[in-house]
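*Asks:* Any chance you could fold what I've pasted below:
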Amino acid sequence: MKPPDSTAVVGRAKAGDVQAFEALFRDHHARVYNLAYSILADRTEAEDVTQRAFVKAWEELPRLREVAAFAGWLNRIAANLARDVARSRAARKVPANHSEPTGDKADQGLLAEERDAQVHRAIGSLPEHQREVVIMYHLQGVPVQEVAEQLGIAQGTVLSRLARGREALRRKLAPYVEQ
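*Replies:* Now for the predicted structure:
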């Protein structure tokens with residue numbers, strides 16, 4: 001949940017208060033990174049998109065009409081930037097960057113990283129309306145009511161999209177789940 005004074009912090013940042021924007025960065029960095037990573041399945045690109053999203057948010061913040069909509073607005077900026085990177089990568093046919101450590105622990109880490117990458121690729125392959133609510137609810141921990149408010153849709157629509165997204169993920173990830 002948002003801190004009760006988050007709209008005040010957004011308002012101060014919108015007025016040019018750098019410290020207020022730094023507080024917003026701290027509060028939203030993990031969510032934005034997780035969103036970018038879920039689309040890109042690449043840690044380096046996700047961090048780059050996260051940084052670019054905050055730079056763009058700072059530049060565009062004076063034009064934000066509803067300070068209460070900051071989180072959703074920031075998510076849309078990050079998602080659009082991540083999709084641009086993914087499209088660019090696809091056009092160049094460049095795979096996601098995965099490092100290859102060595103040794104037994106490294107093998108376990110590599111398996112976990114590959115599993116995480118599969119999950120993020122599966123999430124990234126969902127239709128945008130499902131992906132958005134799955135990311136916000138499951139990866140960012142945003143409550144259903146707040147997801148509905150940020151996206152401007154009914155709570156029932158959020159629940160429906162979550163259910164359909166989960167079912168699609170269940171089908172896509174079935175080969176990776178031990179029965």
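
*Asks:* Trp58: how many residues sit nearby?
*Replies:* For Trp58, the count of nearby residues is 15 (other C-beta atoms under 10 Å). The way it works is simple: take the backbone N, C-alpha and C, and place the C-beta from them, glycine included.

*Asks:* for the protein, where's the lowest mean pLDDT among helices and strands?
*Replies:* Within the chain, confidence by mean pLDDT, DSSP states H and E is lowest for helix 104-124 among all helices and strands, at a mean of 69.

*Asks:* Which strand or helix spans His29?
*Replies:* Assigned by DSSP states H and E, His29 falls within helix 18-40.

*Asks:* Wait, Arg121 touches Ala41, no?
*Replies:* Yes. Judged on C-beta atoms under 8 Å, Arg121 makes contact with Ala41 at a distance of 5.2 Å.

*Asks:* neighbour-wise, which of these two wins?
*Replies:* Taking neighbours as other C-beta under 10 Å, Arg121 and Ala41 compare with Ala41 leading, 25 against 16.

*Asks:* which residues does the more buried one contact?
*Replies:* Ala41 is in contact with 96, 117, 120-121, 124, counting by C-beta atoms under 8 Å, 6 or more residues apart in numbering.

*Asks:* now the residues you listed as TSV including distance to Phe70?
*Replies:* Output for the contacts of Ala41, formatted as TSV (distance: C-beta to C-beta, whole Å):
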residue	distance to Phe70
Ala96	29
Ala117	30
His120	25
Arg121	29
Gly124	24
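
*Asks:* Quick check, pLDDT for the residue positioned nearest the centre of the chain.
*Replies:* The centroid of the chain falls nearest to Leu35 when counting by C-alpha atoms, centre = their mean (1.2 Å). pLDDT for Leu35: 84.

*Asks:* coming back round to it: who's in contact with the helix holding His29?
*Replies:* Contacts of helix 18-40 (C-beta under 8 Å, 6+ apart): 3, 6, 9-10, 12-13, 43, 45-47, 49-50, 53-54, 58, 61, 70-71, 74-75, 78-79, 81-83, 85-86, 89, 96, 120, 123-124, 131, 135, 139-140, 142.

*Asks:* With stretch 131-151 instead?
*Replies:* Stretch 131-151 is contacted by residues 1-2, 31, 34-35, 38-39, 69, 71-72, 75, 79, 123-124, 126, 154-155, 157-159, 161-162, 165-166, 169 when judged by C-beta under 8 Å, 6+ apart.

*Asks:* what about 7 Å?
*Replies:* 1, 31, 34-35, 38, 69, 71-72, 123-124, 126, 154-155, 158-159, 161-162, 165 (C-beta atoms under 7 Å, 6 or more residues apart in numbering).

*Asks:* before we move on, what about stretch 163-174?
*Replies:* With C-beta under 7 Å, 6+ apart as the test, stretch 163-174 has contacts from 118-119, 122-123, 125-126, 130-131, 133-134.
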